[in-house]
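1. need coordinates for the following:
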Amino acid sequence: MNIPKELKYTKDHEWVRVEGNTAVVGVTDFAQLQLGDVVFVELPPVGKTLKQGEPLSVIESVKAVSDVYAPVSGKVVKVNAALEEAPDLVNQSPYGEGWVAVIELADSGEVDALLDDAAYAGVAAEGGH
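-> Residues are numbered from 1 along each chain as shown. Purely as a prediction, here's the structure:
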């Protein structure tokens with residue numbers, strides 16, 4: 001299982017990569033392994049404002065339908081339109097081409113409260129919760 005050190009994580013298996021005042025968001029390698037083959041990703045509308053913990057997106061796989069929660073508060077400024085045609089990018093490249101959305105940070109302090117790679121590895125090792 002791949003858990004990049006430079007990212008932040010949630011207990012719900014989202015990852016965050018901060019770039020200036022924005023956060024690129026996706027689901028972790030652990031999450032995509034649990035889901036199995038991803039067949040559809042419902043992207044949030046650009047411009048939508050979210051509070052931390054609110055549903056951001058929905059990912060459907062052959063096994064389950066799973067919500068993706070906003071790891072930080074802010075406004076969706078970009079979505080990964082490539083997922084509409086190739087939802088399996090979530091499986092192939094969860095930390096690269098399989099990102100879901102970019103959120104403009106409302107409170108950068110929220111990022112500091114997220115899990116680091118070691119803490120997230122503990123969550124994943126416990127079966128994901």
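2. where does pLDDT dip in this protein?
-> 128-129 (pLDDT under 70).
3. and the helices in it, which stretches?
-> 29-35, 82-85, 89-92, 109-112, 117-125 (DSSP state H).
4. the ones you listed: which one's closest to Thr10?
-> Among these, helix 117-125 comes nearest to Thr10, with 8.2 Å by C-beta to C-beta. C-betas here are computed from N, CA, C, even on glycine.
5. which residue is the nearest non-sequential neighbour of the residue positioned nearest the centre of the chain?
-> In the chain, the C-alpha nearest the mean C-alpha coordinate belongs to Gly26, at 2.5 Å (C-alpha atoms, centre = their mean). Spatial nearest neighbour of Gly26, excluding adjacent residues (C-beta to C-beta, 6 or more residues apart in numbering): Trp99 at 4.2 Å.
6. state the number of residues packed around that neighbour.
-> 22 (other C-beta atoms under 10 Å).
7. my guess is it contacts Val24. True?
-> Yes: counting by C-beta atoms under 8 Å, Trp99 does reach Val24; the two are 5.3 Å apart.
8. the residue nearest to Gly26: what's it in contact with?
-> If you count contacts by C-beta atoms under 8 Å, 6 or more residues apart in numbering, Trp99 has them with Val24, Val25, Gly26, Asn80.
9. what's around Ala119, how many residues?
-> With other C-beta under 10 Å as criterion, Ala119 counts 12.
10. could you tell me which residues make contact with it?
-> Per C-beta under 8 Å, 6+ apart, neighbours of Ala119: Tyr9.
11. any idea how far it is from Ala23?
-> The gap separating Ala119 from Ala23 is 18 Å, by C-beta to C-beta, to the nearest Å.
12. if I pick Val16, what's in contact with it?
-> Leu7, Lys8, Tyr9, Thr10, Ala23, Val24, Val25, Pro71, Val72, Val111, Leu114.
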